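Asker: got a sequence here, can you model it:
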Amino acid sequence: MRFSTVLMTVVSAATLGLAANSGTGDATFYEAGLGSCGIFNTDADFIVAVDPSTFDTFPGAGANPNANPICGKALTATGPDGKTVTVTVTDRCAGCAPGSIDLTPTAFQQLASLDVGRLHGVTWTLAA
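Answerer: Next up, the predicted model:
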């Protein structure tokens, strides 16, 4: 019984850490403004909104999204062709599927032209 408890704790922590610190999905862009972290941004800022699962289950997240520890974290996104952009988490993307992110137009353009609209196969990692 003791071994099972320890094993489940280790597996649960590893799974949570992986889910909260990296992802793969689509990248889109949106018009910035007042984000879930309580920070006002413009389209010229290098910011990102992460999917609800990542935002809501980030270690230390509570009822007040402004106090979520994911806010202000650096995230590096890599497009399918290897281009990268580093942005700051300031928002929650309510319409994003798990692993997908929403960038400002300026940040998105570091990965692809705005004409693309939706970029598939984007990987991202949060800085430690």
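Asker: isn't Pro65 up against Ser36?
Answerer: Yes: taking contacts as C-beta atoms under 8 Å, Pro65 lies within contact range of Ser36: 4.4 Å. Glycine gets a C-beta too; all of them are placed from N, C-alpha and C.
Asker: most centrally placed residue in this protein?
Answerer: For the chain, the residue nearest the mean C-alpha position is Val50 (3.3 Å; C-alpha atoms, centre = their mean).
Asker: any idea how far Gly35 is from it?
Answerer: Distance check for Val50 against Gly35: by C-beta to C-beta, to the nearest Å, it reads 11 Å.
Asker: any common contacting residues for those two?
Answerer: Where contact means C-beta atoms under 8 Å, 6 or more residues apart in numbering, the residues bridging Val50 and Gly35 through contact with each are Asp91, Arg92.
Asker: neighbours around His120, how many?
Answerer: Using other C-beta atoms under 10 Å, the number of residues around His120 comes to 12.
Asker: tell me the contacts of it?
Answerer: With contacts taken as C-beta under 8 Å, 6+ apart, His120 has the following neighbours: Asp26, Pro80.
Asker: Three-state assignment for it, please.
Answerer: State at His120, reduced to three classes by DSSP: H, G, I helix; E, B strand; the rest coil: strand.
Asker: report the separation between it and Pro80.
Answerer: Spatial separation of His120 from Pro80 under the definition C-beta to C-beta is 7 Å.
Asker: could I get the contacting residues of the closest residue to Asn66 other than its chain neighbours?
Answerer: In space, Asn66 comes closest to Gly38 once its chain neighbours are excluded; the distance is 3.7 Å by C-beta to C-beta, 6 or more residues apart in numbering. Applying C-beta under 8 Å, 6+ apart to Gly38 gives the contacts Pro65, Asn66, Cys71.
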